[in-house]
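A.B. asks: Next one to model:
(one chain, ligands or ions: 1)
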Amino acid sequence: MVTRPWRPRLLSTSHWPVGYGRIILPEVDSTLSEASRQAPSLAGPTWILALRQTAGRGRRGREWVDPDGNFAATLVMRPGGGPERAALRSFIAALALYDAVCACCPGLDPGPSGSNNTRPRSRSGAARVALKWPNDVLLNGGKLAGILLESNSTGTLSIGIGVNLLNAPDATQIEEHAVPPVSLLSETGADVTPEDFLNALAPAFARYEAQFKTYGFAPIRTAWLDRAARLGQVITARMGTAEQTGTFETVDDSGALILRTSEGLQAIPAGEVYF
Ligand SMILES: O=C(O)CCCC[C@@H]1SC[C@@H]2NC(=O)N[C@@H]21
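C.D. replies: So this is what the prediction gives:
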């Protein structure tokens, strides 16, 4: 496992978004759990970053293995607007992650827009980032980051984000057919600290959130589709024990995956995608 030598960090706050709080903890069980504990006393949207998580959780009840040096944070907010609208924040978080990764790695190839965005690496050999429905960020075709949304009946939404900055978890621990994990360091050579990553991610999230509040989901959906992995290709979506294979046509205005199958267009509101 790669470790980063300790060095004092000067946190740049010059681009920190107005109205957002920030809490940095040396260690916590899970930033999502910490978000539930802290939410009642928070005055506004707040990022909770932990330099170490001892009980990180992933989607579908999975453990999120979080080796030292990786990014683990949760944004706690009270977005209003009901659960369906709140859930669209996963697309905002994915776009913000995409921008933060590109900002931290200047040599990265943002990739072509639209359905060509399927090759794991660009022709020039530069690393390539893409978004995988519903909640993953891919780098060179491997899983770099995951997003887990949790909400409660009081209207609190917690957006948990894990990024393999320094180390990718052991690939033998992943599910069959799942995308293998990669790290930012191994794929690009960029050594980015969790604090620096947060300083790129928080303003990017705030920009997309402001756009969403003003213009709704349409521009977010378009931007997400421009960065989507495997658009126009045959993929398999798994919903519990059921599976659907078809061509990835689009994402609709509720965020559902639209697959073209032999029975016509199928909308999949939630599930996991396999390539
Ligand atoms: O399964 C996934 O892909 C989602 C992973 C989400 C992991 C992050 S790390 C920060 C936050 N705290 C957690 O316990 N989980 C999320």
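A.B. asks: Checking the closest residue to the ligand within the stretch 101-250 of the chain next. Helix, strand or coil?
C.D. replies: Nearest to the ligand in the stretch 101-250 of the chain, going by C-beta to the nearest ligand atom, is G146, at a distance of 2.1 Å. C-betas here are computed from N, CA, C, even on glycine. Under DSSP: H, G, I helix; E, B strand; the rest coil, the three-state class of G146 is strand.
A.B. asks: Near it, how many other residues are there?
C.D. replies: Around G146 there are 21 other residues, counting by other C-beta atoms under 10 Å.
A.B. asks: burial of F217, as a residue count?
C.D. replies: With other C-beta under 10 Å as criterion, F217 counts 19.
A.B. asks: again, but for the one 5 residues further on
C.D. replies: Here the count is done by other C-beta under 10 Å, and T222 has 11 residues near it.
A.B. asks: Contacts made by whichever helix or strand it is part of with the rest, please.
C.D. replies: In the assignment (DSSP states H and E), T222 maps to helix 218-226. By C-beta atoms under 8 Å, 6 or more residues apart in numbering, the list of residues contacting helix 218-226 from outside reads 88, 91-92, 94-95, 113-114, 117, 131, 208, 211-212, 231, 250-251, 253, 255.
A.B. asks: Kindly supply the ChimeraX command isolating those of the residues you listed that are buried.
C.D. replies: Listed next is the ChimeraX selection for buried residues among these, using 16 or more other C-beta atoms under 10 Å:
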select :88,91,92,94,95,117,131,208,211,212,231,250,251,255
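A.B. asks: and the contacts of helix 218-226, which of them are in strands?
C.D. replies: 131, 250-251 (DSSP state E).
A.B. asks: does T245 sit in a helix, a strand or a coil?
C.D. replies: strand.
A.B. asks: Which residue is the nearest non-sequential neighbour of it?
C.D. replies: In space, and not counting its chain neighbours, T245 is closest to T236: 4.6 Å by C-beta to C-beta, 6 or more residues apart in numbering.
A.B. asks: How far off centre is the helix or strand hosting that neighbour?
C.D. replies: For T236, the element it lies in under DSSP H and E is strand 234-239. With C-alpha atoms, centre = their mean, to the nearest Å as the basis, strand 234-239 stands 19 Å off its chain's centre.
A.B. asks: quick one, what contacts C104?
C.D. replies: C104 neighbours (C-beta under 8 Å, 6+ apart): 184, 190, 192, 196-197, 200.
A.B. asks: ranking those residues by neighbours, who comes first?
C.D. replies: L184 (28 neighbours).
A.B. asks: ok, that one to R230 distance?
C.D. replies: 21 Å (C-beta to C-beta, to the nearest Å).
A.B. asks: swap in K213?
C.D. replies: Applying C-beta to C-beta to K213 and R230 gives a distance of 30 Å.
A.B. asks: For the two, work out which one has more neighbours and name it.
C.D. replies: R230 (19 against 11).
A.B. asks: Up against the ligand, what does the chain have?
C.D. replies: 30-32, 53, 56-59, 62, 64, 72-74, 136, 146-148, 160-162 (C-beta under 6 Å from any ligand atom).
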